[in-house]
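[1] Build me a model from this:
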Amino acid sequence: MNPLAESLNETLKTENPYVLEMLSDLGKNFYYPKGILSQSAEAKQTAHKFNATIGMATEDGEPMHLKCIQDTLSEYSPKDLYPYAPPEGKRELRSAWKKKMLKENPSLKNMNFSNPIVTNALTHGLSIAADLFVDYNDPIIVPDKYWGNYNLIFGLRRGAKMTEFPLFNNNGGFNTEEFRKSIWSQKDYGKVIVLLNFPNNPTGYTPSVEEINEISSILLEAAESGINIVCIIDDAYFQLFFEDSIKESIFSLLVNLHPRILPIKIDGATKEEYVWGFRVGFITYGNKNNKVLEVLEQKSKGLIRSTISSASHPAQTFVLKAINSPKFWEEKNLKFDILKRRANKVKKVLLGEPRYNNYWSFYPFNSGYFMCLKLFKIDAEVLRKHLLKKYQIGTIAINSTDLRIAFSCVEENDIEELFECIYQGIQDLCSNSVLIE
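    Below you'll find the model as predicted:
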């Protein structure tokens, strides 16, 4: 093991040995090297005469660039576009995102958590968490409705054992009892990774305040019994809470809750600020001990350096400018209202058409981009293909019964027609006896 990794691990052993136990073998071995980047960072502070350290070109005192590119970005200084960003991300953006987190999650005030580390959107942040904390056959607790990419990130890449529990109870709420059972089923293993995603993809469900408090209590009870818990919080659709749910991230409840609980918040501008192609995300750790947070940042930086080196500097600059704009919150709220109206229209259409009840029900939804139909008579994949071929309508088949609808990309005035076409598509198939098995 590299001496730098050994030093980081010794810090964890002294400051919080439970976090050291949570790390995967890869996580234990990772560190941030004192190589070209650290030497270049040092030179940047003091090499005012000549700085011949880093693999980029300069001209006339600024980063070398092509005029045909700069002409389209003339509002920005070349220094905020062309140089490499630090592996951990642009310092000003990290500070601005932390300030934004505190505004959106007032409960985080006086809590101890790391400065957000910039990732290449949320998938990359999830991958960092997987590499640091997941070993072969580690149990990952997930609801039975989850984003399919988790299978690749945690299952295929890291060999984790996806352990599902039913997301909903018989009353259409979060199934806290089954969640508790799934946690306690791992007591003998001693470590569990919990993956929470609210608003949930694919269902669009976010738990109530009461349900979130119960989830927190379950995790605390398990930690007090000796289970080490890595709680990965996928906040991809954070803040899009339309009704009857929490309005903060569960990260706020778990930070500093117990030494055996390590909450990891993964979020980003991707969905929150409607800049999907910018690929700007963040990973943030919660722990009372600043030395523990520093170790986790160093290991995360090492992983970033070994994979993508650093995220896009221009994209970080664009996001930073948006966050600092005096119009940011006003414009953000306008988009929120559009999505909320679409969600309400979906619910109104579904509840206002009794004839639909013969062919589907729908899972509870109160947030995010999506909702899910539960089909009664037709296989979801068969229906998906039929809708695409005959009606030119795209949907996502989650399994044989569940069809995901992204109302986020359907205009409010088109929602009624969308569901009428789905209804007609099912009738087409039923008349041809293409029934669910």
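
[2] In contact with residue 168, which residues?
    Counting by Cβ atoms under 8 Å, 6 or more residues apart in numbering, residue 168 touches 174-175, 205, 363-364. For every residue, glycine as well, the C-beta is placed using N, CA and C.

[3] Let's see that with 10 Å instead.
    143-145, 174-175, 178, 203, 205, 363-364 (Cβ atoms under 10 Å, 6 or more residues apart in numbering).

[4] Also residue 67?
    Residue 67 makes contact with residue 74, according to Cβ under 10 Å, 6+ apart.

[5] Now do the SS call for residue 147.
    coil (DSSP: H, G, I helix; E, B strand; the rest coil).

[6] so residue 151 sits right up against residue 162, yeah?
    Yes: shown here, residue 151 and residue 162 form a contact pair, counting by Cβ atoms under 10 Å, at 6.7 Å.

[7] what is in contact with these two at once?
    140, 142.

[8] Run through the strands of the stretch 251-400 of the chain in chain order.
    Here the stretch 251-400 of the chain has its strands, by DSSP state E, counting those that start in this stretch, at 261-268, 281-285, 360-362, 370-375, 396-397.

[9] Now render those strands as CSV, adding distance to residue 67, mean neighbour count and mean pLDDT.
    As requested, the strands of the stretch 251-400 of the chain are exported to CSV (distance: least, Cβ to Cβ, whole Å; neighbours: other Cβ atoms under 10 Å; pLDDT from 0 to 100):
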stretch, distance to residue 67, mean neighbour count, mean pLDDT
strand 261-268, 32, 28, 98
strand 281-285, 32, 28, 98
strand 360-362, 54, 19, 96
strand 370-375, 44, 22, 96
strand 396-397, 44, 16, 94
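
[10] Now distance to residue 334 too, for those, in a markdown table please.
    Below are the strands of the stretch 251-400 of the chain laid out as a markdown table (distance: least, Cβ to Cβ, whole Å):
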| stretch | distance to residue 334 |
| --- | --- |
| strand 261-268 | 20 |
| strand 281-285 | 23 |
| strand 360-362 | 27 |
| strand 370-375 | 21 |
| strand 396-397 | 27 |
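
[11] follow-up on the earlier one: hmm, which of the contacts of residue 168 are the buried ones?
    Listed as buried from these are 143, 145, 174-175, 178, 203, 205, 363-364; burial here means 16 or more other Cβ atoms under 10 Å.

[12] Residue 361: what's it in contact with?
    Per Cβ under 10 Å, 6+ apart, neighbours of residue 361: 172, 350, 372-376, 401.

[13] Please name the bridge partners of it.
    Note on residue 361: beta-bridge partners by DSSP bridges are residue 374.

[14] Looking at the contacts of residue 361, spot the one nearest residue 79.
    residue 372 (46.3 Å; Cβ to Cβ).

[15] Can you tell me how far that closest one is from residue 201?
    Distance, residue 372 to residue 201, using Cβ to Cβ, to the nearest Å: 10 Å.

[16] Now do the shared contacts for the two.
    In contact with both residue 372 and residue 201: 145, 398, 404, using Cβ under 10 Å, 6+ apart.
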